[in-house]
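1. pasting the sequence and the predicted coordinates here, then a few questions.
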Protein chains: 2
Amino acid sequence: MPVAVDWGTSRLRAYLLDEAGAVAASLEADKGLMQVPPGGYAAVLAEAIAPWREAAGDMPVLMSGMVGSRQGWVEVPYVGLPATLDDLAAGTVPVEAPGFADLAIVPGVAAGTDGAGWADVMRGEETEIFGVLEGLGRGDGVFVLPGSHAKWVRVEGGAITHFETFMTGEVFEALSKHTILSKMMPLGKASPAAFARGVAAAQGLAAPGELLTRLFSIRAETLFGRLDEADAADFLSGLLIGAEVLAGARAVREVVVVGAAGLAARYLTALEQLGIGAVNAPPHAAAAGLKLIAQRRARS
Amino acid sequence: MPVAVDWGTSRLRAYLLDEAGAVAASLEADKGLMQVPPGGYAAVLAEAIAPWREAAGDMPVLMSGMVGSRQGWVEVPYVGLPATLDDLAAGTVPVEAPGFADLAIVPGVAAGTDGAGWADVMRGEETEIFGVLEGLGRGDGVFVLPGSHAKWVRVEGGAITHFETFMTGEVFEALSKHTILSKMMPLGKASPAAFARGVAAAQGLAAPGELLTRLFSIRAETLFGRLDEADAADFLSGLLIGAEVLAGARAVREVVVVGAAGLAARYLTALEQLGIGAVNAPPHAAAAGLKLIAQRRARS
C-alpha cells in the first residue's frame, strides 16, 4: 500500500492507497513548508503518516507540491511544456531519508522557459490535473484550480500544453486588508447579488487598466448608498474572479473546476453567469494523480 | 492678502497670495486629516498659518481637499458634472470658527450620482485643474493627477465633463508589501529598463484579467533569472502605471500631468513610451485654482 502526499506551503495532505489505488484513508495537517524547521522534513513526514506505518510497515511514499521547490525538501527540476504523465514519472526524483526505503518527489511544470512568452510555474497542480483526467475519463479540457494563485490549465491529447497563474486570491487579500477598501471588509454577510454585480462589472471592463478604477468605484458607490458596505467584499470578489474567468476561459465553452468547496463555488457561480459551462472535478485529485505517476514509475 | 489651503488626508499645504493672486509664500505640514484630533481643525489651521497672520492680521482663508469630506471639518456637498468654476464658487460653504472672520471650503466633484455609470468622487483635484487651465491659458484638455488614487479628468469648454479615479498607487503599495512580491521589494535600485518592460507588458494585455496573471509573471520571471529581483518593483510600477495610462488616455493625443516631481516623471516616461504627448503642469495649481474661486465668490 503506497502513500501519496500533497505537500504545499501551508498544508500537508496524505492519502493511504489500497491495492487498486483507491483512497483507503486520508489525513491533513497544518504542516506546510512554512511550519517545517530546517532539516525537519523527514521527521515531520514520519510523524504525520506514523499510524499507517505502525499498522502496515514501511511503504513507498510519492510526493507532489512545493515540497519539490527551492524552498522545499529537495529541489526537483521543472518539466517543460507539453508535459505528459510519462514526463512527470521520468522527472521524479528519489529522496534519501532515514526510515524511508522508497521516497520520491514529482516535478512541477514550467512554461515559457524557452524564452517564448512569459515564465510561469506550478508544483502540485499538474499532478491533480492528471488525477482529474482519469476520474473524468478524459484526455482534453480546460481546468481551473482556484486558490491564492489560481491556475488555468489547458490539456490536449493527454498533455498539459498551456497554463497561466492568476494571483487573484492573494490580490483579494492584499486589497481587502491593506487599502481604503479594508474599512468595508471583511465580509459583512454573504451577498450573492453583490458578487454577481462584481462579475458583471468585470464583463464591462473595456481596458485592463479599468480594473484599477473599478476598485475605487467600490468606495465611491458606498458613499452614495448604491452599494452596501457589508457587500463590498463580495463585489470585490466577483470583480476579481470575473476578470480572471474571462481572461482564463477565453473562447472555451466548458471549464473543469478543481478544488475546495467554498472557493470553487464562487468560480462555478461566475462561470454560470458568464455563460460558460462548468464541471466539478472528482475529489482526491492529487492522490489519483500520484497513483498514476507511481504506476508509470513501477513500469519503467 | 488671502490664504489658500489644500488640506488632504495626509498633508496640509498653505499659500499666501499677493494682491495679484500670485504665491508670495507657502508652507507644508504633516497635518493631514488623520493627524487632526476631534474638534481640532481651527487650532491646527491657526497654528499652521500663524506667522502670516501675526504679520498681517486676520485674512480670508479658502480651503479645498478632503477637509470638506464627511471625515473632515465640515462636509461640503459635491458638485455634479459638468462642473465649472462658477459651480465651485456657488457651492463653497462658509465655516464659522473662532479667530477666523472669513473662512470657507470649496466643494468636491462627483460623477455618476444620477445613476448613469459608476460613482466617482474627487476633492481638491478639481481646484488644481482650474488652476492649471489658467496657467496654461486653456479651456480644454485631458489631465492626470498621479497619486495613491490617481485622477484622470476631461475638461471641455471650461467645464469638467468626465473623470475617473485609478487606485494605482495604493494597489502598488498593497501588492509590493503584502503579497509574495514583497520578498523582492522595495526598489533595489531605480531601473528604467524594468519600468519600460512593465509598460510594454501592460500594452500586451489582451484582457483585463491578464493583469492578475502578469503579476505572477514577475515572480516566475525572477525564478528563471529573466528578471532581476532588484528590478521587480520597477517592473510592477511600469505594469500598473502603463495599464492606467492606456485606460485613462484612450484615444487622446496629449495629456497634462499635474503633480509632484518623482511620480509625475514615471507618468511622463510611460506616456512617451506609449506614444502619447505629455505636458507638465505649472506648479502651485491648488493655489491658483483657489484664487480663481475666491475671485468668483467676491464678484457674486
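-> Structure's in. What do you need?

2. okay, CA-based contacts and neighbour counts for the rest of this
-> Will do.

3. what's the neighbour count on the residue of chain A at minimum distance from chain B?
-> Proximity to chain B, evaluated over chain A using Cα to the nearest Cα, is greatest for residue A:208 at 3.5 Å. By other Cα atoms under 10 Å in any protein chain shown, 26 other residues sit near residue A:208.

4. one more: residue A:48?
-> Residue A:48: 17 surrounding residues under other Cα under 10 Å.

5. still on that earlier bit, got the contact list for the residue of chain A closest to chain B?
-> The contact partners of residue A:208, by Cα atoms under 8 Å, 6 or more residues apart in numbering or on different chains, come to B:202, B:205, B:206, B:207, B:208, B:209, B:210, B:211, B:243, B:247.

6. mind doing that once more with 10 Å?
-> A:202, A:243, B:202-203, B:205-212, B:240, B:242-244, B:246-247 (Cα atoms under 10 Å, 6 or more residues apart in numbering or on different chains).

7. narrow these to those that are buried.
-> Buried by 16 or more other Cα atoms under 10 Å in any protein chain shown: A:202, A:243, B:202-203, B:205, B:207-212, B:240, B:242-244, B:246-247, out of the contacts of residue A:208.

8. just the ones of these in helices?
-> Of the buried ones among the contacts of residue A:208, the ones assigned to helices by DSSP state H are A:202, A:243, B:202-203, B:210-212, B:240, B:242-244, B:246-247.

9. tell me the pLDDT at the closest residue to residue A:152 other than its chain neighbours?
-> Once flanking residues are discounted, residue A:152 sits nearest to residue A:144: 4.5 Å by Cα to Cα, 6 or more residues apart in numbering or on different chains. Looking at residue A:144, its pLDDT stands at 98.

10. three-state assignment of residue A:144?
-> Going by DSSP: H, G, I helix; E, B strand; the rest coil, the secondary structure assigned to residue A:144 is strand.

11. that one against residue A:259, yeah?
-> Yes - contact status for residue A:144 versus residue A:259: in contact at 8.5 Å, counting by Cα atoms under 10 Å.

12. can you map out the helices along the stretch 201-300 of chain A?
-> A:210-223, A:232-249, A:261-273, A:285-299 (DSSP state H, counting those that start in this stretch).

13. would you map out the domains in chain A?
-> Structurally, chain A divides into domains by automatic domain parsing as follows: A:3-138+A:283-299, A:168-280.

14. let's have those in a markdown table, adding distance to residue B:179 and mean pLDDT.
-> Shown next, in a markdown table, are the domains of chain A (distance: least, Cα to Cα, whole Å; pLDDT from 0 to 100):
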| stretch | distance to residue B:179 | mean pLDDT |
| --- | --- | --- |
| domain A:3-138+A:283-299 | 14 | 95 |
| domain A:168-280 | 6 | 93 |
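
15. of those domains, give the one that comes closest to residue B:167.
-> Among the domains of chain A, domain A:168-280 comes nearest to residue B:167, with 5.3 Å by Cα to Cα.

16. which residues touch residue A:259?
-> Counting by Cα under 10 Å, 6+ apart, residue A:259 makes contact with A:128, A:144, A:145, A:146, A:147, A:265, A:280, A:281, A:282, A:283, A:284, A:285.

17. ok, the last one touching residue A:64?
-> Put plainly, it is residue A:285. No - under the criterion of Cα under 10 Å, residue A:285 makes no contact with residue A:64, lying 11.7 Å away.

18. so these two - more neighbours on which side?
-> Remark: of residue A:285 and residue A:64, residue A:64 carries more neighbours, 28 against 23, as counted by other Cα under 10 Å.

19. the more buried one reaches residue A:126, doesn't it?
-> Yes - between residue A:64 and residue A:126 there is a contact under Cα under 10 Å: 9.0 Å.

20. so what sits against both of those two?
-> With contacts taken as Cα under 10 Å, 6+ apart, residue A:64 and residue A:126 have A:106, A:107, A:108, A:286, A:289 as neighbours in common.

21. in contact with residue A:203, which residues?
-> Residue A:203 touches A:197, A:239, A:242, A:243, A:245, A:246, A:274, B:208, counting by Cα under 10 Å, 6+ apart.

22. want to try a markdown table for those residues, with distance to residue B:4 as columns?
-> Below are those laid out as a markdown table (distance: Cα to Cα, whole Å):
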| residue | distance to residue B:4 |
| --- | --- |
| A:197 | 42 |
| A:239 | 40 |
| A:242 | 45 |
| A:243 | 43 |
| A:245 | 49 |
| A:246 | 48 |
| A:274 | 51 |
| B:208 | 41 |
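
23. nearest to residue B:138 among the residues you listed?
-> Nearest member of the contacts of residue A:203 to residue B:138, counting by Cα to Cα, is residue B:208, at 34.0 Å.

24. can you give me the strands for chain A?
-> For chain A, the strands defined by DSSP state E occupy A:3-7, A:12-17, A:23-29, A:61-64, A:93-94, A:103-105, A:109-111, A:120-122, A:141-145, A:150-156, A:159-166, A:254-257, A:277-280.
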